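1. could you look at this predicted model? Sequence included:
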Amino acid sequence: MKYDDYKNKYMDSAPIWGGFFHSNAASSLPEAYRFTPSKLIARPGIDIPTSYHKESCIRSVVQPYAFERFLKLYHLLELIFDWNLVQQIKSLNDDLQGIGQLLNQYSNNRELDLLKNLLKSKCDDKKKVDKIADCLNKINSSDYLDKGMKIFFDYGKDGNP
């Protein structure tokens with residue numbers, strides 16, 4: 001892989017697929033937690049839409065505890081929901097016909113519904129979505145389910161998973 005290819009397709013999304021980021025001398029971020037992966041798989045095509053989203057990705061890497069990293073990534077997901085709504089509003093005509101429906105849809109949907117809509121709008125390959133679902137369905141520990149429900153209840157927008 002050539003450097004330009006890496007820089008254009010992978011570098012900005014390294015916090016998502018690799019758990020690391022590229023720093024520079026001017027960076028004032030604290031040192032990230034350390035881990036030694038047995039293997040990294042770089043995923044091309046992960047779109048980090050703004051510098052604020054990129055910064056949020058990096059924040060997830062520098063958190064010392066797994067739960068804090070999870071919360072930062074969850075916050076990133078919420079930011080992407082917001083960004084997606086803004087893009088939908090921008091695509092409306094000058095008369096803004098349809099804005100009421102968009103705002104109503106956004107405010108009344110739970111996170112799971114927003115995630116489903118986001119996947120439908122961004123993933124053109126159903127097999128990729130099915131692969132994500134298969135991975136999640138392999139987690140069959142009731143302990144994980146209980147912890148997940150507590151997290152979504154405590155940190156979800158409406159407090160209702």
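-> Received it, and whenever you're ready, just let me know what you need. Keep in mind that this is a model prediction, so the values were computed, not measured. Numbers count the residues shown, from 1 in each chain.
2. I'd assumed residue 11 was in contact with residue 54.
-> No - using CB atoms under 8 Å, residue 54 is not in contact with residue 11; the gap is 9.9 Å. Just so you know, the C-beta spots here come from the backbone N, C-alpha and C atoms, and that holds for glycine as well.
3. what's the helix or strand bottoming out on mean pLDDT in the chain packed up against?
-> Least confident helix or strand, the chain: helix 142-155 with a mean of 72, by mean pLDDT, DSSP states H and E. Counting contacts by 3 or more CB pairs under 8 Å, 6 or more residues apart in numbering; DSSP states H and E, helix 142-155 is packed against helix 66-90.
4. give the buried residues for the helix it packs on.
-> Using 16 or more other CB atoms under 10 Å as the test for burial, helix 66-90 gives 69, 71-74, 76, 79-81, 83-85, 88.
5. again with stretch 128-138
-> For stretch 128-138, it's none, nothing buried (16+ other CB under 10 Å).
6. then stretch 99-119?
-> Buried residues in stretch 99-119 (16+ other CB under 10 Å): 106, 109, 111, 114, 117.
7. now do stretch 64-84, average pLDDT.
-> The pLDDT scores in stretch 64-84 average 85.
8. list the contacts of that stretch.
-> Residues from elsewhere that reach stretch 64-84 (CB atoms under 8 Å, 6 or more residues apart in numbering): 16, 33, 49-50, 52-53, 56-57, 59-61, 63, 106, 111, 114-115, 117-118, 121, 151, 155, 157.
9. 7 Å instead, please
-> With CB atoms under 7 Å, 6 or more residues apart in numbering as the test, stretch 64-84 has contacts from 33, 49-50, 53, 56-57, 59-60, 63, 114, 118, 121, 155.
10. can I get the residues you listed in a markdown table including distance to residue 92 and secondary structure?
-> Conversion of the contacts of stretch 64-84 to a markdown table gives the following (distance: CB to CB, whole Å; DSSP: H, G, I helix; E, B strand; the rest coil):
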| residue | distance to residue 92 | secondary structure |
| --- | --- | --- |
| 33 | 43 | coil |
| 49 | 18 | coil |
| 50 | 20 | coil |
| 53 | 22 | helix |
| 56 | 26 | helix |
| 57 | 29 | helix |
| 59 | 32 | helix |
| 60 | 32 | helix |
| 63 | 37 | coil |
| 114 | 19 | helix |
| 118 | 18 | helix |
| 121 | 15 | helix |
| 155 | 31 | helix |
